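>>> Give the three-dimensional model of this entry:
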Amino acid sequence: MKNNIGTNTRLILLHPYIQKQGGSSRLWILAFVSFFTIACLLAFIYTRDYSIITATTSSFVAAAAAGGGGGGANPALSKSIVRALVHYASISNNTDRMSYADIKQISDVLRQCSSHPCNFLVFGLTHETLLWRTLNHHGRTVFIDESRYYAAYVEEKYPEIEVYDVQYSTKLSEMKELISAVKEQAGNECRPVQNLLFSECKLGLNDLPNQLYEVEWDVILVDGPRGYWPEAPGRMSAIFTAGVLARSKKGGNPKTHVLVHDYNQESDRIASEEFLCRENLVETKGMVGHFVVEVMDANNFHFCRSHNASSSSSSSSS
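Residues are numbered from 1 along each chain as shown. Now for the predicted structure:
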């Protein structure tokens, strides 16, 4: 019996059908592992996650800190590093990204802060979020977003990002009525110089962290909230708030650069002309409107020096 068992066992082990099955299984496993590896590689290459820019910006910042960015205790990013960051951010695989022209215009403004730490306020979390923080080297960059969940996600994933959420009560379809209400209250709740923390103006954001109203902002970028359909909040509140913060500064540089992305959109252009004013428009390039707004006397109740022209322009556009 032992011999039979041994013979049978040997026959089973050497049976060609069993050998074929084992080879086939190994081939399937190898094919699966290969497919999984390729899928992961493609996902890494084409992902829209911020991690692509994180790796790029981190390497360039490290290079700057190592000696490529200039002298002093807080060296600025060199021009070559800034050009590289702007280039890679504009060509990355994301349909919602800014164009090269738009990013460069904003980065050029931020470079003016190279001699001192810059306070940079950004409305909207976007594909360029990590880029803005990196370009504002050694400065303070704060982000305001309409989504509590997305703000929490970004804050958890990138602890170095300072982000707060805010609830917008406006609708794009109500823009005309909201602007008219602001004009009626320009001498009271909606005046151009005030502490918005205590304001009841319909377009004023009064639920930001208290400390943010005391910051002397050097640059403000409006790239949010959403504003492309009637029920969307629109950017009227963000633009109004930017205009008030710029005019109400008590120290620092008396001029504030306010950049409005999607300035080519009618709603953003109308709100900008009302609260940032055409006379303060420095240039428009691509989809960005660049304004320089100066500190204003508290007794002035008109946002624009040519407020009559601004009003007529708004009504003719509507």
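>>> low-confidence ranges in the stretch 201-318 of the chain?
For the stretch 201-318 of the chain, the stretches with pLDDT under 70 are 307-318.
>>> mind listing the helices for it?
236-247, 266-275, 307-317 (DSSP state H, counting those that start in this stretch).
>>> What helices and strands are in contact with the first one?
In this structure, helix 236-247 packs against strand 119-123, helix 175-184, strand 219-222, strand 255-261, helix 266-275, strand 288-294, with contacts taken as 3 or more C-beta pairs under 8 Å, 6 or more residues apart in numbering; DSSP states H and E. In short, each C-beta sits where N, CA and C put it, glycine included.
>>> tally of neighbours for Lys102?
Actually, residue 102 is Asp rather than Lys. Asp102 is flanked by 22 other residues according to other C-beta atoms under 10 Å.
>>> Domain map for this protein?
2-43, 99-317 (automatic domain parsing).
>>> how about a markdown table for those domains, with distance to Ile81 added?
Converted to a markdown table, the domains of the chain look like this (distance: least, C-beta to C-beta, whole Å):
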| stretch | distance to Ile81 |
| --- | --- |
| domain 2-43 | 28 |
| domain 99-317 | 9 |
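>>> so which of these is the most packed in?
Mean neighbour count (mean count of other C-beta atoms under 10 Å) peaks for domain 99-317 among the domains of the chain, with a mean of 19.
>>> about what we covered before: so which of the helices and strands packed on helix 236-247 gets nearest Tyr164?
Between Tyr164 and the helices and strands packed on helix 236-247, the tightest spacing by C-beta to C-beta is seen for strand 119-123, at 10.5 Å.
>>> Show me what that closest one packs onto, helices and strands only.
helix 129-135, strand 140-145, strand 219-222, helix 236-247.
>>> Tell me the neighbouring strands of the second one, and mark each as parallel or antiparallel.
Spelled out, that is strand 140-145. strand 119-123 (parallel), strand 162-165 (parallel) (DSSP bridges).
>>> cool, the third one as well?
When pairing is defined by DSSP bridges, strand 219-222 lines up against strand 119-123 (parallel), strand 255-261 (parallel).
>>> Confirm for me that Arg226 is in contact with Ala232.
Yes - counting by C-beta atoms under 8 Å, Arg226 touches Ala232, with 4.5 Å between them.
>>> hmm, back to that, quick one, which of the strands paired with strand 219-222 is nearest to Ser237?
strand 119-123 (9.0 Å).
>>> So for that closest one, mean pLDDT?
The pLDDT scores in strand 119-123 average 98.
>>> Extract the CA atoms of that strand and return them as CSV.
Provided in CSV are the C-alpha atoms of strand 119-123 (Å, rounded to 0.1, in the frame of the first residue of the first chain):
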residue,chain,number,x,y,z
ASN,A,119,-0.4,89.7,4.2
PHE,A,120,-2.4,87.9,1.5
LEU,A,121,-6.1,87.1,1.7
VAL,A,122,-7.6,84.7,-0.8
PHE,A,123,-11.3,84.1,-1.3
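>>> Report the angle between it and helix 236-247.
Interaxial angle of strand 119-123 relative to helix 236-247 (axes from the mean of the first three to the mean of the last three C-alpha atoms, to 10 degrees): 170 degrees.
>>> hmm, who's touching strand 119-123?
110, 113, 129, 132, 136, 139-145, 212, 215-225, 235, 238, 242, 245, 252 (C-beta atoms under 8 Å, 6 or more residues apart in numbering).
>>> if we can go back for a sec, which one of the helices and strands packed on strand 119-123 lies closest to Leu259?
Per C-beta to C-beta, nearest to Leu259 of those: strand 219-222, 4.9 Å.
>>> Go ahead and name everything in contact with the closest one.
106, 109-110, 113, 118-124, 132, 136, 235, 238-239, 242, 245-246, 256-261, 268.
>>> rewinding a little: quick one, which of the helices and strands packed on helix 236-247 is nearest to Asp207?
Once these are compared by C-beta to C-beta, strand 119-123 is nearest, at 13.9 Å.
>>> Let me see the contact set for Asn300.
By C-beta under 8 Å, 6+ apart, the neighbours of Asn300 are 192-193.
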